[in-house]
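Asker: Next comes the sequence, and after it the predicted model I'd like to discuss.
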Amino acid sequence: MFKTTINPLMAAVCDSQVERFLSFTKTVVFLASVLTLVMFLMETSIANAQEPTPSSSSRRPNIIFLFADDQPANCLGIMGNKAIQTPHTDALGQNGVVFQNAFVTTAICCSNRACLLTGQHMYRHGIEDFKEPLSSEAFDQTYPALLRQSGYRVGFMGKYAIGNPSVSKDLSLPSHKFDDWYGFSQSIEYKQEIDGQPRYLTEVMTKRAISFLRSNPAEQPFCLVIAFKEPHGTFNYFDPDFPNIYEGVELPKSPTFSRKDFESQPEFIQKSLNADSARKSFEDPEKYQNDLRTFYRTVTRADAAVGEIVDELQHLNLDDNTVVIYSSDHGSLLGDHGLTGKWLMYENSIRVPLIIYDPRLDPKHNRSQREEIALSIDLAPTMLELAGVEIPSGMQGHSLVPVLNNQTTSWREHYYYEHTFQTDPPRSPIPASEGIRTARWKYIRYPQETPVYEQLFDLAHDPLEQTNLIEDSTAQNVLKELRSLCDHAKDENIAAK
């Protein structure tokens, strides 16, 4: 074997070259790894762009919000009423989510319609009568305005009823705030004249709604609001093409429609607007039946329109990405305690139907019933979240989306109710009222009575609200707590004004 002798200087030079070569190799390997990672991330990003998320503009859901006028929750078949025929609305509930405890925060058209739009209590939005409209600035923070600003095409068909057009037409009938408008004020007749021919209002509204759906650009999401007049009076015209299936039918009356229940009411309620019609019904029982038949008849007519609109969604292949919501602006007493109308905090005045059908929802969450307390002020933030639109901080309601997805860890345990609207003489007065409702208890206060009149009902044991526990010694701790909650809410009310 030959023995090689290496010069020390040459050895040092070689070692230096080897070190530089090794350093260069490590750098190349590192850069290659970085380049591979970047290419992977770019491919992932492209794949995600090709598969849009539900919140992206191409996948934002369409929204249809249908709501009745005066319909209590118990006037739907799916809510347990076996006498009323509402197959199309029932079908929405059978395939969607039914809220068993949905309420309004004030039971009068003008005020609660503003609650629906703004997501705010009446004391914050300030609409307390039929004269004052929402300001342009206030409307710009409503769900239709915010959806429209985000790219939605927005339509309104039906009863708007916020403000008096003779005072401010642009704000009371804000057609310029919508892409498609067929809205009207509080007073509208069921009998309309189109091209010299009599037409039923809801028929016209439904055709306008279907035209809206057919004309909507395929790439643009839409929100369509349909505010039925049914089952609100005045009932002086009915759809001549729609059969009256309740004619001659004996309908079940309210379990508290009796003189005894009526006479158990405080005197100021017996002399209120709620009592005017009831007195006549006691004297003429057939009048009560006729009034109930008319009410059910118009609810069923509105239900037929729900069916037509849902069928059109299917015909246009829009049903797989359209959320349909059904509710009412408030309920109606329909003879409870011998009373009619709404306004008071009794159950069928404040409890409303609420169904949300979202075809994109996990099937295990659809076809369900929820017991959480849902409010009319929750619908505006719900629609905004469904559309991926930021919810304004001024909205007081809570989005129901977590409830729909069964993701709630906590939820409201009570809510505050208020009614302040007063009639002008010679009409009978409406008592001002406020109160707190929990899952079990209801506290009602009539602050303008002297002395202040209070009611306390244990709904778990007295769902018909027949036993006032205000002086019951065993209920005083509950009473103290509910009074405190009501006082706190009233303080917030005063501060907001």
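Answerer: Received the coordinates, thanks. Numbering: from 1, shown residues only.
Asker: Where does residue 165 sit: helix, strand or coil?
Answerer: coil (DSSP: H, G, I helix; E, B strand; the rest coil).
Asker: Actually, residue 300.
Answerer: helix.
Asker: Would you mind stating the distance between the nearest residue to it once chain neighbours are set aside and residue 125?
Answerer: In this structure, residue 300 finds its nearest non-sequential neighbour in residue 85, 5.0 Å apart by C-beta to C-beta, 6 or more residues apart in numbering. Bear in mind the C-beta positions are built from the backbone N, C-alpha and C, glycine included. Here residue 85 is placed at a distance of 36 Å from residue 125 (C-beta to C-beta, to the nearest Å).
Asker: Residue 339 now?
Answerer: Residue 339 is 28 Å from residue 125, by C-beta to C-beta.
Asker: So the two - more neighbours on which side?
Answerer: residue 339 (30 against 25; other C-beta atoms under 10 Å).
Asker: Just give the nearest non-adjacent residue to the more buried one, would you?
Answerer: Closest to residue 339 by C-beta to C-beta, 6+ apart is residue 274, at 4.2 Å.
Asker: helices or strands up against the host helix or strand of the one you found?
Answerer: Applying DSSP states H and E as the criterion places residue 274 in helix 273-283. Counting by 3 or more C-beta pairs under 8 Å, 6 or more residues apart in numbering; DSSP states H and E, the packing neighbours recorded for helix 273-283 are helix 259-263, helix 285-315.
Asker: export it as PDB, just CAs?
Answerer: What follows is helix 273-283, C-alpha atoms only, in PDB (Å, rounded to 0.1, in the frame of the first residue of the first chain):
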ATOM      1  CA  LEU A 273    -110.800  47.400  25.000                       C
ATOM      2  CA  ASN A 274    -110.000  43.700  25.500                       C
ATOM      3  CA  ALA A 275    -113.500  43.300  27.000                       C
ATOM      4  CA  ASP A 276    -115.700  45.100  24.500                       C
ATOM      5  CA  SER A 277    -116.200  42.300  22.000                       C
ATOM      6  CA  ALA A 278    -116.300  39.600  24.700                       C
ATOM      7  CA  ARG A 279    -119.400  41.000  26.400                       C
ATOM      8  CA  LYS A 280    -121.400  40.600  23.200                       C
ATOM      9  CA  SER A 281    -120.100  37.000  22.800                       C
ATOM     10  CA  PHE A 282    -121.400  36.100  26.300                       C
ATOM     11  CA  GLU A 283    -124.800  37.400  25.200                       C
END
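Asker: quick one: contacts of that helix?
Answerer: The contact list for helix 273-283, computed with C-beta atoms under 8 Å, 6 or more residues apart in numbering, reads 257, 259, 262, 265, 269, 287-288, 291, 333, 335, 338-341, 343-344, 423, 427-430.
Asker: all helices for the stretch 101-250 of the chain, in order.
Answerer: Taking DSSP state H, counting those that start in this stretch to define them, one finds helices in the stretch 101-250 of the chain at 109-118, 122-125, 136-139, 143-149, 169-172, 201-215.
Asker: tilt between the last one and helix 285-315?
Answerer: Put plainly, it is helix 201-215. 10 degrees (axes from the mean of the first three to the mean of the last three C-alpha atoms, to 10 degrees).
Asker: what mean pLDDT does helix 201-215 have?
Answerer: Mean per-residue pLDDT for helix 201-215: 98.
Asker: Tell me which other helices or strands whichever strand or helix holds residue 487 touches.
Answerer: In this assignment (DSSP H and E), residue 487 forms part of helix 476-496. Using 3+ C-beta pairs under 8 Å, 6+ apart as the contact test, the elements touching helix 476-496 are helix 122-125, strand 414-419, strand 433-438, strand 441-446, strand 453-458.
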